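In: With the input below, show me the fold.
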Amino acid sequence: MRLTFLVLHALFVLTCCNDAGEKPNETDSKSPRIPRKTSILSPSPNKLLTIGEPVAFKISSKKEIDSILFDDDYQKIIYETDSFTWRSTKVLTGEKRFKITVYFNEGKSETHFPRVRFLSDVEPEKLTYKVIEKYPHDPEAYTQGLFFKDDVLYESTGRKGRSSIRKVNLQTGEKLKQVNIDSEYFGEGSTYWGDKIIMLTYRSNVGFVFDTDLNQTGKFNYNHEGWGATTLGDTLIVSDGTETLHLLDPRDYSEIGTLEVYDNKGPIKSLNELEIIDGLIYANIYTEDNIAVIDPNTGKVLKMIDLSGLLSNSEKSGLDEVNDVLNGIAYHKASGKIYVTGKDWPSLFQVEFLKKGEAL
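Out: Here you go, the predicted structure:
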């Protein structure tokens, strides 16, 4: 934007000069960009590596280098050579940005910010499931969020004109209480923190806050799409349909960080509904029958759970392809029971996750 402004300003000045019958100076038409003396030869932009692999840095310079200051956010190291190696032992998955400052003999310097993307060094364990119990579910509930607060099951639903937050009877699927969201909003994921019930919206950048009896007590804003939500301690975790999880402070909803989710092959995109189970993040992957189990400290996918075949063919017959989407994970901490469902599904399931090959 700054460069565009300068170019437009220069054109304006040149036009004024021509109107006055003056010829512009040759130097006036040159780019204001200051030529750099150094460049990063290695690593290439957004180079993809696996955690644990060394990163080879190589700097090219048109002037004699005095020293190089390398900063990886945790330590600063001074090098007196134009090439060096850094090993990625404690890095998170996803993009990592470095700061490299090249100093010349006369005291001048140039700074670069090379970026590298890291894959997980763990191959996810493959899991499947066993159905323990099956319950009725509202077939008009376009499920976006599902969670227990104590013994009460809460569910948020989506689509404009159909979005709601509700308390649900697990045994019957009956709505015990429902609050509809204004029709301008497309409801999304929900969770709780303390005595707050928190609900997101899709692209409106607005979240709603309720008490446990679903009386609205507040609103807040965020600057990305809202998909799924859960809490881990004093952190609100929000998905936006990409591989990035946003970490918010539930006291004021400010963003305090992000976590990029990768397995050993690449980013896990389309992260949707979220739930914390035993300190790990369980995430539906939109349009897939898979749940990714994520280490919240590293972004690594530790397990991938295949829930294909959960909904019978007869139950699917009333759904179109868009609606036949697994979405909704609820963990009842006191009993250790896990429940899953999908958008407009007629059933909700208590499931147990098993290693593939274990007897069902």
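
In: can you give me the helices for the stretch 251-360 of the chain?
Out: Using DSSP state H, counting those that start in this stretch, the helices of the stretch 251-360 of the chain run over residues 313-316.

In: now the strands for it?
Out: Assigned by DSSP state E, counting those that start in this stretch, the strands in the stretch 251-360 of the chain fall at 255-260, 271-277, 280-285, 290-294, 301-306, 326-332, 337-342, 347-355.

In: Dump the ones you listed to a markdown table, plus distance to Gly241, mean neighbour count and mean pLDDT.
Out: In this view, the C-beta of every residue, glycine as well, is placed from N, C-alpha and C. Listed next are the strands of the stretch 251-360 of the chain as a markdown table, based on distance: least, Cβ to Cβ, whole Å; neighbours: other Cβ atoms under 10 Å; pLDDT from 0 to 100:
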| stretch | distance to Gly241 | mean neighbour count | mean pLDDT |
| --- | --- | --- | --- |
| strand 255-260 | 14 | 15 | 98 |
| strand 271-277 | 7 | 25 | 98 |
| strand 280-285 | 10 | 24 | 98 |
| strand 290-294 | 14 | 23 | 98 |
| strand 301-306 | 17 | 20 | 98 |
| strand 326-332 | 12 | 23 | 97 |
| strand 337-342 | 17 | 23 | 98 |
| strand 347-355 | 23 | 18 | 97 |
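
In: Out of those strands, the one nearest Gly94 is which?
Out: The closest of those to Gly94 is strand 255-260. By Cβ to Cβ, the value is 2.5 Å.

In: Need the strands of the stretch 251-360 of the chain in TSV (columns: distance to Asn215).
Out: As requested, those are exported to TSV (distance: least, Cβ to Cβ, whole Å):
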stretch	distance to Asn215
strand 255-260	27
strand 271-277	24
strand 280-285	29
strand 290-294	32
strand 301-306	36
strand 326-332	22
strand 337-342	26
strand 347-355	26
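
In: The ones you listed: which one's closest to Pro136?
Out: Per Cβ to Cβ, nearest to Pro136 of the strands of the stretch 251-360 of the chain: strand 347-355, 6.8 Å.

In: what pairs with that closest one, and is each one parallel or antiparallel?
Out: strand 125-136 (antiparallel), strand 337-342 (antiparallel) (DSSP bridges).

In: Go through those and name the closest to Leu247.
Out: That would be strand 337-342 among these, by Cβ to Cβ, at 23.8 Å.

In: wait, isn't Ser88 in contact with Ala56?
Out: No: under the criterion of Cβ atoms under 8 Å, Ser88 is not in contact with Ala56, lying 11.6 Å apart.

In: out of these two, which sits in the more crowded spot?
Out: Ser88 (18 against 13; other Cβ atoms under 10 Å).

In: What are the neighbouring residues in contact with the residue lying closest to Lys130 once chain neighbours are set aside?
Out: Distances taken as Cβ to Cβ, 6 or more residues apart in numbering place Glu352 nearest to Lys130, at 4.7 Å, with adjacent residues excluded. Listed by Cβ atoms under 8 Å, 6 or more residues apart in numbering, the contact partners of Glu352 are Tyr129, Lys130, Ile132, Ile338.

In: Make JSON lines out of those residues and add distance to Leu311.
Out: Formatted as JSON lines, these follow (distance: Cβ to Cβ, whole Å):
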{"residue": "Tyr129", "distance to Leu311": "12"}
{"residue": "Lys130", "distance to Leu311": "15"}
{"residue": "Ile132", "distance to Leu311": "16"}
{"residue": "Ile338", "distance to Leu311": "17"}
